[in-house]
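In: Show me how the following folds:
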Amino acid sequence: MNWLNISTENCPIQRTLDIVGEKWTLLLLRDAVNGVRRFEDFHRHIGLSESVLTDRLRKLVTAGILKVTPYQEPGSRARNEYRLTSKGWDLWPVLMALRQWGDQHAADPEGPVLDVRHAECGAPVRAVVTCGDERVPLGPAEVTVLPGPSARPRP
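Out: Here you go, the predicted model:
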């Protein structure tokens, strides 16, 4: 297969990046995975402007990655929380892979910011590409890439 002969117009990586491929969006997802739910908490923790935060949250809700859940503190007006949907949680392995790469190639000299471990045995968590049948870890040299059913020739 010659990759340069395949159109990238309908590339799933490109489509994904159209939704989540902006720095602030990924940082919002990082915080949502770690339990942040309220606008003011996202704003304070990430430090982006209210207008950018509003825009990114709206895009994630529209894409079905976050859902809006109303809440009200006693004596206050009703507000919204933003919670990950199952579609949003499906991005968790992507975030773990980015964290893993960052820990290896862009780490703070003092070590990782987060120590992510398996709750049951305490072992470090790693993002790994595996075979769908055998569940064995795979590297780039151990896979074959072929055009799929939606592959189109490049114009």
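
In: From here on, just use CA atoms for contacts and neighbour counts.
Out: Will do.

In: Next up, the contacts around I6.
Out: By C-alpha atoms under 8 Å, 6 or more residues apart in numbering, the contact list for I6 reads P147, A151, R152, P153, R154.

In: The third one: how many residues sit nearby?
Out: To tie it back to what came earlier, the one meant is R152. Neighbourhood size, R152 [other C-alpha atoms under 10 Å]: 14.

In: pLDDT value on it, please?
Out: On pLDDT, R152 comes in at 90.

In: and it, how far is that from D18?
Out: R152 sits 20 Å away from D18, going by C-alpha to C-alpha, to the nearest Å.

In: Spatially, which two of the contacts of I6 are the most separated?
Out: Greatest spatial distance in those: P147 and R154, 12.2 Å, computed using C-alpha to C-alpha.

In: Contacts only, for the residue nearest the centre of the chain.
Out: Among the residues of the chain, the one closest to the centroid is L91, at 4.0 Å (C-alpha atoms, centre = their mean). Shown in contact with L91 (C-alpha under 8 Å, 6+ apart): no residues.

In: Tell me where the protein has strands.
Out: Using DSSP state E, the strands of the chain run over 66-71, 79-84.

In: Give me the buried positions along the first one.
Out: It refers to strand 66-71. Within strand 66-71, the residues scored as buried using 16 or more other C-alpha atoms under 10 Å are L66, K67, V68.

In: so what pLDDT did T8 get?
Out: 87.

In: that older thread, if we only consider the buried residues of strand 66-71, which is nearest to G122?
Out: Nearest to G122 out of the buried residues of strand 66-71 is L66 (C-alpha to C-alpha; 29.4 Å).

In: what's the spacing between that closest one and S51?
Out: 18 Å.

In: try E134
Out: The gap separating E134 from S51 is 47 Å, by C-alpha to C-alpha.
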